[in-house]
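[1] fold the following, please.
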Amino acid sequence: MRYADIYDRAKTDPEAFWMEAAEGVDWVSRPSRALSDEKAPLYEWFADGMLNGCWNAVDRHVAAGHGDRLAIIHDSPLTGTVHKITYAELQARVASLAGALRAKGVEKGDRVIIYMPMVPEALEAMLACARLGAVHSVVFGGFAANELAVRIDDCAPKCIIAASCGLEPGRVVHYKPLLDGALEIAAHKPEFCVIFQREQEVAHLEEGRDHDWHAFQYGVEPADCVPVEGNHPAYILYTSGTTGQPKGVVRHTGGHLVALNWSMRNLYGMNPGEVFWAASDVGWVVGHSYICYAPLTFGCTTIVFEGKPVGTPDAGTFWRVIRDHGVKCLFTAPTAFRAIKRDDPKGVLVGDYDLSCLESLFLAGERADPDTIVWAQDKLGVPVIDHWWQTETGWAIAGNPLGIEQLPVKIGSPSVPMPGYDVQILDEAGHPVKPGELGAIAVKLPLPPGTLPTLWNAEARFRKAYLEHFPGYYETGDAGMIDEDGYLYIMARTDDVINVAGHRLSTGAMEEVLASHPDVAECAVIGVSDTLKGQLPMGFLCLNKGAETAPEQVVKECVKLVRDRIGPVAAFKLAVVVDRLPKTRSGKILRATMVKIADGESFKTPATIDDPAILDEIRAALATIGYPA
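    Coordinates of the predicted model:
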């Protein structure tokens, strides 16, 4: 069947479509139906089925005779080690940890916070929770104590599983003091902590509360899988909220496994036994979906990578990992490729590695600018697929379904909606706009399986944040358009559509123009306050290494480019060259914070920022062009 037929089938008969997709996972008792709508607009999928997430990700492959297949490859250029774990070994390790947690009283429905770096033990902790029916909440390793404390108080974990430290190029990140600080601040006190001691730093353990990872498991009976309902929460993942209070996105077990399992073949074109690499972190939704649950449930080998796209040791580290481990599909953020391209603009290092195993590159997490896509296509010679999704959705809203048919790539578009997503572009009043017109991107309810059913202990906030503005729709918070072929274009967050003298303009469109300049490696455009025009666009430009053109000249040329391609209506005259852009650890540019700095407003340093020192660099750069005014 072709994509259009499959999409239409999911739209016209979602019940039959998703019940058929549900046959791809193992059930203890099969659901009587796919969609439960009694609580609409709070929909649930496969609610009355019984299954176990760990069984599906691990045990069933061993039971099917694939125990010797590699489940996890841990590649850490920061320690210079590679560790390979088969499905049979993973089963034994996860059952042991789950047994130790059960012996300490962790049961179905209890929450467990996981605070770990990119090591296999992080996945083992997630799967051990799933094995028991406990609800895990992974907090990005190295998060500040106060931010960790907020999450402890929100989900009230029975225990915390952490590591002694994490590693960054040239430094050790001390996790245990951050955890201790969070436990001092938090009102809720977990009953115990389990600490995985790394040889790079052995942390002090608090007697009575803290347990060593290995000693904790000694002599304990391994745990079997506990069946849970299809609508039982698998995990809570916190994402930043506009109020500063994090939002706990809930993921139900049944729909989560069904959607992810379906996506591995149909979207990513994978087969069981092949190697899939999502170069992300377990602290982010990509790590949950496509480092842990999707590849393992589907029976692939997943790579857990502890390193950076550049600097560990150079801009060829991604190519080395692909070659060494036979990666078929790489999934990463555009910011990773921009970093590689900035360090190695001509792609010289690509030629040092045999990448014949690589068949596709998927990009997500932020807008993939055309220049980066063209560079990757040219250097790798494989389909480069931009696809779009959110923490809330858990898997792609739109993409190019390589496993069904490779649709024509339109650079700048994440292609077409995935089955189950009825994507529409709405004006402020909630009416659909014409093809090619900019508007708010919304998805008609119900959302497909795998998406968030609600927020943790915050149903009213869920309704207000996502459902109230456009009744009958899920509001994505993104702005864009759909062309006459049905291709979706994500132009900006709704907040990033700026109003210049009454003209609604997309900052994303301006960024595409700036990124096309041969000396610009990366860029961001924000809207700053202006007494005459309301807002004016301001550009921040990071230049390629070895760029010979003077920064002042690059700025002049970029201003002219925007004027030529978008027109005088953009009023683009402000731009500054910076060494780097402030980003979250997942690679998203902190545009809202940059706006506040430029407008001279007070702000709270975002908890997700990769390096707070960058904000001082932005201030200094803005001062050179007279901002704040």
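[2] what mean pLDDT does stretch 546-555 have?
    Taken as a whole, stretch 546-555 carries a mean pLDDT of 93.
[3] please apply the same query to stretch 519-530.
    Regarding stretch 519-530, the rounded mean pLDDT is 93.
[4] go through that stretch and flag the buried ones.
    Across stretch 519-530, burial judged by 16 or more other CB atoms under 10 Å covers 519, 520, 521, 522, 523, 524, 525, 526, 527, 528, 530. C-betas here are computed from N, CA, C, even on glycine.
[5] quick one: end-to-end length of stretch 293-309, please.
    Start-to-end span of stretch 293-309 (CA to CA, to the nearest Å) is 23 Å.
[6] now it, how far from the centre of its chain.
    Chain-centre distance of stretch 293-309: 14 Å, with CA atoms, centre = their mean, to the nearest Å.
[7] could you shift the numbering so residue one becomes 616, and keep it that way?
    Okay, using 616 as the starting number, the last item reads as stretch 908-924.
[8] nearest to residue 1173, of the buried residues of stretch 1134-1145?
    Lowest distance from residue 1173 to the buried residues of stretch 1134-1145 (CB to CB) belongs to residue 1135, with 7.0 Å.
[9] quick check, that closest one in contact with residue 1126.
    No - look at residue 1135 against residue 1126 with CB atoms under 8 Å: they stay out of range, at 9.7 Å.
[10] which phi and psi does residue 1060 have?
    In terms of degrees, to the nearest 10, the main-chain angles of residue 1060 are phi -80, psi 150.
[11] right, I mislabeled it, should have said residue 1097
    phi -120, psi 130.
[12] quick one, what contacts it?
    Residue 1097 sits next to 1038, 1039, 1040, 1050, 1051, 1103, 1104 when contact means CB atoms under 8 Å, 6 or more residues apart in numbering.
[13] go on, residue 909?
    Per CB under 8 Å, 6+ apart, neighbours of residue 909: 875, 876, 878, 879, 891, 1010.
[14] and the fifth one, helix, strand or coil?
    Translated: residue 891. strand (DSSP: H, G, I helix; E, B strand; the rest coil).
[15] contact partners for it?
    Taking CB under 8 Å, 6+ apart as the definition, contacts of residue 891 comprise 879, 883, 885, 905, 909-910, 915-918, 942-944, 946.
[16] now residue 746: closest residue in space, sequence neighbours ignored.
    residue 669 (3.8 Å; CB to CB, 6 or more residues apart in numbering).
[17] pretty sure that neighbour is touching residue 739, no?
    No - using CB under 8 Å, residue 669 is not in contact with residue 739; the gap is 10.1 Å.
[18] list residues touching both of these two?
    Common contacts of residue 669 and residue 739, defined by CB under 8 Å, 6+ apart, comprise residue 709.
[19] with respect to residue 974, which of the contacts of residue 909 is nearest?
    residue 891 (11.0 Å).
[20] which residues does that closest one bridge with?
    Applying DSSP bridges to residue 891 gives these bridge partners: residue 917, residue 944.
[21] out of the buried residues of stretch 1134-1145, which sit inside strands?
    Filtering the buried residues of stretch 1134-1145 for membership in strands, criterion DSSP state E, returns 1135, 1136, 1137, 1138, 1139, 1140, 1141, 1142, 1143, 1145.
[22] widest-spaced pair of the residues you listed?
    Maximum pairwise distance among those (CB to CB): 28.0 Å, between 1136 and 1145.
[23] give the contact list for residue 677.
    702, 703, 706.
[24] any idea how far the second one lies from residue 655?
    What it means is residue 703. 44 Å (CB to CB, to the nearest Å).
[25] so these two - more neighbours on which side?
    residue 703 (17 against 12; other CB atoms under 10 Å).
[26] residue 1093 bridge partners, please.
    Here residue 1093, judged by DSSP bridges, has bridge partners residue 1108.
[27] my guess is it contacts residue 1105. True?
    Yes - contact criterion CB under 8 Å: residue 1093 and residue 1105 qualify, at 5.4 Å.
[28] and the residue nearest to residue 868 when sequence neighbours are not counted, helix, strand or coil?
    Excluding the flanking residues, the one nearest residue 868 by CB to CB, 6+ apart is residue 849, at 4.4 Å. When classified by three-state DSSP, residue 849 comes out as strand.
[29] helix, strand, or coil at residue 938?
    helix.
[30] please apply the same query to residue 950.
    helix.
[31] isn't it right up against residue 981?
    Yes - between residue 950 and residue 981 a contact is recorded at 6.5 Å, counting by CB under 8 Å.
[32] what touches both of those two?
    Common neighbours of residue 950 and residue 981 (CB under 8 Å, 6+ apart) are residue 1202.
[33] which one's more surrounded, those two?
    residue 950 (22 against 19).
[34] so what pLDDT did the more buried one get?
    On the pLDDT scale, residue 950 gets 85.
[35] lowest average confidence, helix or strand, in this protein?
    strand 1118-1121 (a mean of 73; mean pLDDT, DSSP states H and E).
[36] what does the longest helix seen in the chain rub up against?
    Ordering each helix of the chain by length in residues (DSSP state H) puts helix 702-718 first. Residues outside helix 702-718 that contact it (CB under 8 Å, 6+ apart): 669, 673-674, 676-677, 681-687, 700, 727, 739-740, 742-744, 746-747, 749, 774, 809, 831-832, 835-839.
[37] now do residue 1004 against residue 1029, distance only.
    Distance from residue 1004 to residue 1029, by CB to CB: 9 Å.
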